[in-house]
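1. With the sequence up front, the predicted model follows.
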Amino acid sequence: MPRHAFDWIDAQAEARRRAGLVRAVRPRAHDDPLLDLYGNDYLGLARHPEVTAAAAGAARRWGAGATGSRLVSGSTGLHAELESELAAFCGFEAGLVLSSGYAANLAAVTALSDRGTLVVSDAGNHASLIDGCRLSRADVVVVPHADAKAAAKALDGFAGRALAVSDGVFSVDGDAADLPALAAVCRAHGAGLLVDDAHGLGVLGDGGRGSLHAAGLTGAADVVATVTLSKALGSQGGAVLGPVRVIEHLVNTARTFIEETALDPAAAGAALAALRLLRSEPERAAAAGEAAQRLHGGLTAAGLTAVRPDAAVVSVRAPSPEAAVAWAAACRGAGVAVGCFRPPSVPDGIARLRLTARADLTEQQVDTAVETVVRTAPAVPEPAPGRTGAPGARRAGPAR
Ligand SMILES: Cc1ncc(COP(=O)(O)O)c(C=O)c1O
C-alpha cells in the first residue's frame, strides 16, 4: 500500500479525540436567543444601531473591501480619523490600524525586535504575541506569569536591544498585568515595553482608556500598546499605538502592515462610531467591570473556583477538558452561552469555562448566568479517605 501524505493527520485527530480536545465550528444563528457570555462585545456595541449604520455607510462610500495595502492604494480619511482618535483617546501620540489585533501584535513585535534583540515574554501571553516573538527571530525568554522580578532577572546584564511583551489583561484568566512594576523593570534596563491591551481597552482606565492609562503609562517614550477593535469596540481590526517615531518605523518595516490589505472600510467606520460612543458614554466601561464583579461574586459564593476579574473576563476552573466541554454544553442547553478554554489555548493545561461580562447585561441576567453555571457544574471527585484533597484535583463544582 502506498503511504499517503496526510495519514499522520488521522493519528493526531485520534489523539485529540482521546484527550477530549476535539474542536469543531458550530453554526450560529443571527437571532440566537442564548444569553451571550462568550463573546468579547464588552460594551454591547457590536449591534448598536449607530455602529452598524456607520459600517454600512462606510461600505457604501468606500466599497466592501479596502482593495489593497495602504501603502499602495492610499489611506481613506476614515482610517486616518480612526488612528488619530484612538491614539488621542488612549493617550498616545500616534496610531496605526491593521486588519486584526493578531496582525497588530505580529507587526509590533517584529518591527521592534530582530535577531540579537532580547524579548522577555510573560508565560500567559496571547498566542499572537507568542507568534510575533517566534517570527521576530529574537532571543526570547519566557518568564513565569506576572513575575516582574523574573523579567528583571532575564534583562540583568544584557546591554543590547531589549523588549518586554505582556498582555495588559490576560485573555484566559482575566487578571491584569502589574504594568507599573514591569515598566519600572524595563526602564531600569533600558528596555522597551509592549502591552497588548485587547481586553483592557473599553473596560479599564478612565472611561475605558485601557490598562496603560490606568497605570499612568500612556504617552511614555518607551511604551507601545496594541489593541483590538474586535472586543470592546464591537468591530474588527487592530491597532498599534505609541510614539510617532515608533509608528513611522512600523509603516516602513512591519511586513504585516506593508503586505496586507488594509482594514475594510466597514470595520473602520464601525470602530470609529463605537469609539465615539465610548467617549460620550464613559459609564459603559464601569458597567462592564461591575457586571464581571457580580458574576464572580455569585460563582465563588456558590463554591466555584474563579479568578477575581480585573476587567470583564471571568474564568472558572473545570476538572478536565471533557468536563469543561460537557459543562459548557449544559449551560448552552439551559440558555446561557459560555466559552470553553482547553489546551492548547491555556498556558497551564487547565481547562476553564470563560465567561465575559458586558455593560448591557442586567443584574437579573447576570444572576441567571450564575445560577445556570452553578447548577450545571460537574461534581468534584471526592478526596480519598484520610486525605484533604486528591493530588492535582481542583475545586470545580459546588459541594453537592
Ligand atoms: C489578548 C489578545 N490579543 C490579541 C487578540 C487578537 O485580536 P483579533 O481577534 O482582533 O485578531 C486576542 C483575540 O482573541 C486577544 O485575546
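-> Received the coordinates, thanks.
2. Tally up the residues packed near the residue in the chain that the ligand sits nearest to, please.
-> Closest to the ligand within the chain is Gly101: 2.5 Å, counting by Cβ to the nearest ligand atom. In this view, the C-beta of every residue, glycine as well, is placed from N, C-alpha and C. Here the number of neighbours of Gly101 (other Cβ atoms under 10 Å) works out to 24.
3. Just the pLDDT for it.
-> Note on Gly101: pLDDT of 98.
4. Gln364 now?
-> 98.
5. now swap in Arg395 and tell me
-> So Arg395 comes in at 40 (pLDDT).
6. Does the residue of the chain closest to the ligand touch Leu201 like I think?
-> No - under the criterion of Cβ atoms under 8 Å, Gly101 makes no contact with Leu201, lying 9.8 Å away.
7. Enumerate the beta-bridge partners assigned to the residue nearest to the residue of the chain closest to the ligand when sequence neighbours are not counted.
-> Nearest non-adjacent residue to Gly101, counting by Cβ to Cβ, 6 or more residues apart in numbering: Thr228, 2.9 Å away. With DSSP bridges applied, Thr228 shows beta-bridge pairing to Gly238.
8. how much space is there between Thr228 and Val185?
-> 26 Å (Cβ to Cβ, to the nearest Å).
9. Pick out whichever of these two has more residues nearby.
-> Legend: neighbour count by other Cβ under 10 Å for Thr228 and Val185, higher for Thr228 (28 against 23).
10. quick one on the thing from earlier: give the contact list for the residue of the chain closest to the ligand.
-> Ser128, Asp196, Ala198, Thr226, Val227, Thr228, Leu229, Ser230, Lys231, Gly237, Gly238 (Cβ atoms under 8 Å, 6 or more residues apart in numbering).
11. helix/strand/coil for Phe92?
-> Following DSSP: H, G, I helix; E, B strand; the rest coil, we place Phe92 in the coil state.
12. Not counting residues beside it along the chain, what's closest to it?
-> Phe92 sits nearest to Leu241 (Cβ to Cβ, 6+ apart), 4.0 Å away.
13. Can you tell me the element that neighbour falls in?
-> strand 238-242 (DSSP states H and E).
14. next structured bit after that strand?
-> Following strand 238-242 in sequence, per DSSP H and E, is helix 244-253.
15. Now do that next one and strand 238-242, the angle between them.
-> Counting by axes from the mean of the first three to the mean of the last three Cα atoms, to 10 degrees, helix 244-253 lies at 140 degrees to strand 238-242.
16. in helix 244-253, what's buried?
-> Val246, Ile247, Leu250, Val251 (16 or more other Cβ atoms under 10 Å).
17. what's near enough to touch Thr76?
-> Trp62, Ala66, Ala262, Pro265, Ala268 are the contacts of Thr76 under Cβ under 8 Å, 6+ apart.
18. Show me which of the residues you listed are buried.
-> Trp62, Ala66, Ala262, Pro265, Ala268.
19. Apart from its neighbours in sequence, what residue is nearest the last one?
-> Right, Ala268. Nearest to Ala268 is Leu78, by Cβ to Cβ, 6+ apart, at 4.7 Å.
20. which helices and strands does the strand or helix carrying the one you found pack with?
-> If you go by DSSP H and E, Leu78 is part of helix 77-90. Helices and strands touching helix 77-90, by 3 or more Cβ pairs under 8 Å, 6 or more residues apart in numbering; DSSP states H and E, are strand 94-98, strand 223-228, strand 238-242, helix 265-280.
21. try it again with 10 Å
-> helix 49-62, strand 94-98, helix 211-214, strand 223-228, strand 238-242, helix 244-253, helix 265-280 (3 or more Cβ pairs under 10 Å, 6 or more residues apart in numbering; DSSP states H and E).
22. pull the CA atoms of that helix into PDB?
-> The C-alpha coordinates for helix 77-90 follow below in PDB (Å, rounded to 0.1, in the frame of the first residue of the first chain):
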ATOM      1  CA  GLY A  77      -9.900  59.500   5.700                       C
ATOM      2  CA  LEU A  78     -11.800  57.100   7.800                       C
ATOM      3  CA  HIS A  79      -8.600  55.100   8.600                       C
ATOM      4  CA  ALA A  80      -6.700  58.300   9.400                       C
ATOM      5  CA  GLU A  81      -9.500  59.600  11.700                       C
ATOM      6  CA  LEU A  82      -9.700  56.300  13.500                       C
ATOM      7  CA  GLU A  83      -6.000  56.200  14.100                       C
ATOM      8  CA  SER A  84      -5.800  59.800  15.400                       C
ATOM      9  CA  GLU A  85      -9.000  59.500  17.600                       C
ATOM     10  CA  LEU A  86      -8.000  56.100  19.000                       C
ATOM     11  CA  ALA A  87      -4.400  57.300  19.800                       C
ATOM     12  CA  ALA A  88      -5.700  60.500  21.400                       C
ATOM     13  CA  PHE A  89      -8.400  58.700  23.400                       C
ATOM     14  CA  CYS A  90      -5.800  56.200  24.900                       C
END
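23. picking up where we left off before, closest one to Ala138 among the helices and strands packed on helix 77-90?
-> helix 244-253 (14.2 Å; Cβ to Cβ).
24. Do me a favour and average the pLDDT over the closest one.
-> Rounded mean pLDDT across helix 244-253 is 98.
25. does the helix or strand that that helix is followed by come close to the ligand?
-> Downstream of helix 244-253, the first helix or strand assigned by DSSP H and E is helix 255-259. No - judged by Cβ under 6 Å from any ligand atom, helix 255-259 and the ligand are separated, with a smallest distance of 11.4 Å.
26. Nice, that's everything, thank you.
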